[in-house]
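**Student:** Sequence plus predicted model, see below.
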Number of protein chains: 2
Amino acid sequence: MAGELESIEKLLENYIPSPELAEVRRILYGKELRKLSLPQSALDVAKQREFQLESYGFDAAKETTRTARIVRVGAIQNKIVEPTTAPITVQREALEKRISEIIEVAAECGVNIICLQEAWNMPFAFCTREKQPWCEFAESIENGPTTSLMKKLAKKYNMVIISPILERDEQHGDVLANTAVVISNTGEVLGKSRKNHIPRVGDFNESTYYMEGDTGHPVFQTQFGRIAINICYGRHHPPNWMMYGINGAEIVFNPSATVGALSEPLWSIEARNAAIANSYFTCGINRVGTEEFPNEFTSADGKPAHKDFGHFYGSSYFAGPDGSRTPGLSRTQDGLIIAEMDLNLCRQVKDKWGFRMTQRLDMYAKELTEAVKPDYQPNIIKEN
Amino acid sequence: MAGELESIEKLLENYIPSPELAEVRRILYGKELRKLSLPQSALDVAKQREFQLESYGFDAAKETTRTARIVRVGAIQNKIVEPTTAPITVQREALEKRISEIIEVAAECGVNIICLQEAWNMPFAFCTREKQPWCEFAESIENGPTTSLMKKLAKKYNMVIISPILERDEQHGDVLANTAVVISNTGEVLGKSRKNHIPRVGDFNESTYYMEGDTGHPVFQTQFGRIAINICYGRHHPPNWMMYGINGAEIVFNPSATVGALSEPLWSIEARNAAIANSYFTCGINRVGTEEFPNEFTSADGKPAHKDFGHFYGSSYFAGPDGSRTPGLSRTQDGLIIAEMDLNLCRQVKDKWGFRMTQRLDMYAKELTEAVKPDYQPNIIKEN
């Protein structure tokens, strides 16, 4: 097979005849999701601007005492636009232009909340371990250029925008953080959520640049629903997902940057497991393409120095609290995935499966409190 | 498509040509696993006794300071043998005979540790809500007939046997529990582990029969490795999986009884996610077949009364700490799945991905301790 596979789901569709295909989908992907009817003009513009546009609907049962709480949620995956050798401002502005074009289409499709990929306004340069020029991408949450632009778009389109960027915390010694800025549809910054778990794996140790987040597990009450952001490597940590659920999240985004050789078999598992375990919607977003850097770097894996980190495999998807999921976006192309969801489904699934009711958090609070003590003795039963 | 699909993995094999199949497997199942070479006599006997026999190897890198820690682990899925109208002892003895036959083959294949399915010596009768005659299947852990037999087999075959049964706790008011008995290869009971999370979902509320387990998260140090048991519905609860990991488990079994309409899209996700998140091996085991009961019962779902709970879809599988997994056993047939694993892989994956090191348990201990207080205020950020 030459080059990168475009999409697992399209491959299955190509080879497996119905009705077997329906059974494969049921077992691997859960309940079949509705396709949305998007405006033809949006589909045309997406084609012209060369990005994939896919959409799905997660339905819930009608209730007597609550009206349906329908929201359209979007996620964007994209390549960098300019080479990494271009001036920082040129690179960033090219990405801002690209994302603005895609957000415009999302608006036409009626998207209420959109989330961009991790560190979306820059290449994912942390594998280089070089501080310059990459630290220059960091900006203040309040008045940086990217946030300023996103505030304008949020207001213009009446859309909540989650903008994960490299933050420069000028109030705390100019340190950096990996931060999602949540911008209300009013155009104001509603708050921020920092990456809680920082990788020291494979090609990079991101704590070369920033430390574990200190914002805890905030949930943002927007006009369209309660949302939270679990950035990238935090998806490997079930308690991280859980705390957003405990704080009331209905949709948790996982903006990421990860490559095939490292994590691809995990990708379809983790965000979906979180949706199931916590009775909320999740959305995994991963960038696409290969980013080549000016200077070579090594990866502590015995292989020769190289200038790229590998292929970011995209495959962004949504998962529902009932275990269903959308197909992934392309493994190779920019894309916008839209999910229309009735947020009533979260509570309906809680009522049905009872995972929250049967969670026994009090037991885990006690056990964890013991387990973190330096003199903790694990509960191990041995032969006499 | 007529009847039940035999296996997703075989269907993919049938339709998808290589090399695409290899890429589909890489993305959906992780690293390709080695096939074991089992004795021909064992393969012949399995065929003759009409059960599927599959085997896979999870390899680890060679280390200088530790020798490889190779262990062969088995899991058995099976139908009931006698109709549910037969006398209790007839039903149980038929199952004991069937399982003894399969364990004999496992022994010939060199299996060191084997786990049976949930409540394996009885039909999964809890959907009926009838106390009689089903409570009669319950037995004392120490001197019940099933445990007595399993102790003999464990000693005979030098095999650790995990025997999940309905326990009668004679020391505590004759109450029942859903309990895995861990029998050492010496033939002695090493201990027990009770089901921590009890479903109130769909066709049944098991707390009609027994309450949440009170044995915490014990890990059993056997001669062949450190093992734990997360029974059935506990697989929906990530902190349950996590505590077994914190206590040092290297293999966690999930003996289950679950049907297609309820949980099948979740099945391949949860035990595998646990293996990834906790850097250990997991094994999901589900019974097969449809069990018809003498009296009809309703399921609180608006449907007419019926006499069976649905099709148990088998599909038992192993998952590794590196995100790889075996194919599932059949969705319709009895089977024995054997995984040879080098337990050194657990620590190697911890070293590589660092999920344990970056787990921030202290943060979660504090947050959970707050979250379980009756006056807890979720961390919700609202518009001004």
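**Tutor:** Yep, it's here. Numbering: from 1, shown residues only, chains lettered A, B, ... in the order given.
**Student:** What's the per-residue pLDDT of the closest residue to chain B within the stretch 101-250 of chain A here?
**Tutor:** Here the residue of the stretch 101-250 of chain A nearest chain B is A:Pro238; by Cβ to the nearest Cβ that distance is 3.4 Å. (Glycine included, C-beta is placed from N, CA and C.) In this model, A:Pro238 is scored at 98, pLDDT.
**Student:** Over to A:Ala2?
**Tutor:** 51.
**Student:** what do you get for A:Asp214?
**Tutor:** 98.
**Student:** The closest residue to it other than its chain neighbours: how many residues sit nearby?
**Tutor:** Excluding its sequence neighbours, the residue lying closest to A:Asp214 (Cβ to Cβ, 6 or more residues apart in numbering or on different chains) is A:Arg194, at 6.5 Å. Residues lying near A:Arg194 (other Cβ atoms under 10 Å in any protein chain shown) number 22.
**Student:** Check A:Tyr233 too.
**Tutor:** 27.
**Student:** Enumerate every residue touching it.
**Tutor:** A:195, A:197-199, A:201, A:206, B:358 (Cβ atoms under 8 Å, 6 or more residues apart in numbering or on different chains).
**Student:** now for those, which pair is the farthest apart?
**Tutor:** A:Lys195 and A:Val201 (14.0 Å; Cβ to Cβ).
**Student:** Which one of the two is surrounded by more residues?
**Tutor:** A:Lys195 (28 against 18).
**Student:** The more buried one and A:Gly234 touch, don't they?
**Tutor:** Yes - A:Lys195 sits in contact with A:Gly234 when judged by Cβ atoms under 8 Å, with a separation of 6.3 Å.
**Student:** Show me how far the worst-scoring helix or strand of chain A on mean pLDDT is from its chain's centre.
**Tutor:** Least confident helix or strand, chain A: strand A:204-205 with a mean of 84, by mean pLDDT, DSSP states H and E. Chain-centre distance of strand A:204-205: 20 Å, with Cα atoms, centre = their mean, to the nearest Å.
**Student:** and it, which strands flank it?
**Tutor:** strand A:200-201 (antiparallel) (DSSP bridges).
**Student:** Let me see the residues that make contact with the strand it pairs with.
**Tutor:** A:206-207, A:233, A:262, B:352-354, B:357-358.
**Student:** after the longest helix along chain A comes which helix or strand?
**Tutor:** Identified as the longest helix of chain A according to DSSP state H is helix A:88-108. For helix A:88-108, the following helix or strand on the C-terminal side (DSSP states H and E) is strand A:113-115.
**Student:** where's A:Leu11 relative to chain B, distance?
**Tutor:** Here A:Leu11 is placed at a distance of 6 Å from chain B (Cβ to the nearest Cβ, to the nearest Å).
**Student:** What is the burial count for that residue?
**Tutor:** Other residues close to A:Leu11 by other Cβ under 10 Å number 17.
**Student:** Kindly report the same for A:Gln377.
**Tutor:** 9.
**Student:** Regarding it, what is its secondary structure?
**Tutor:** Per DSSP: H, G, I helix; E, B strand; the rest coil, the local secondary structure of A:Gln377 is coil.
**Student:** ok, so what distance separates it from chain B?
**Tutor:** Taking Cβ to the nearest Cβ, one finds A:Gln377 at 9 Å from chain B.
**Student:** What does that residue show for phi and psi?
**Tutor:** phi -110, psi 110 (degrees, to the nearest 10).
**Student:** Show the pLDDT at it.
**Tutor:** Per the predicted model, pLDDT is 97 at A:Gln377.
**Student:** can you check A:Phe309 too?
**Tutor:** The per-residue pLDDT of A:Phe309 was computed as 89.
**Student:** that's a helix at it, yeah?
**Tutor:** No - counting by three-state DSSP, A:Phe309 is not part of a helix but strand.
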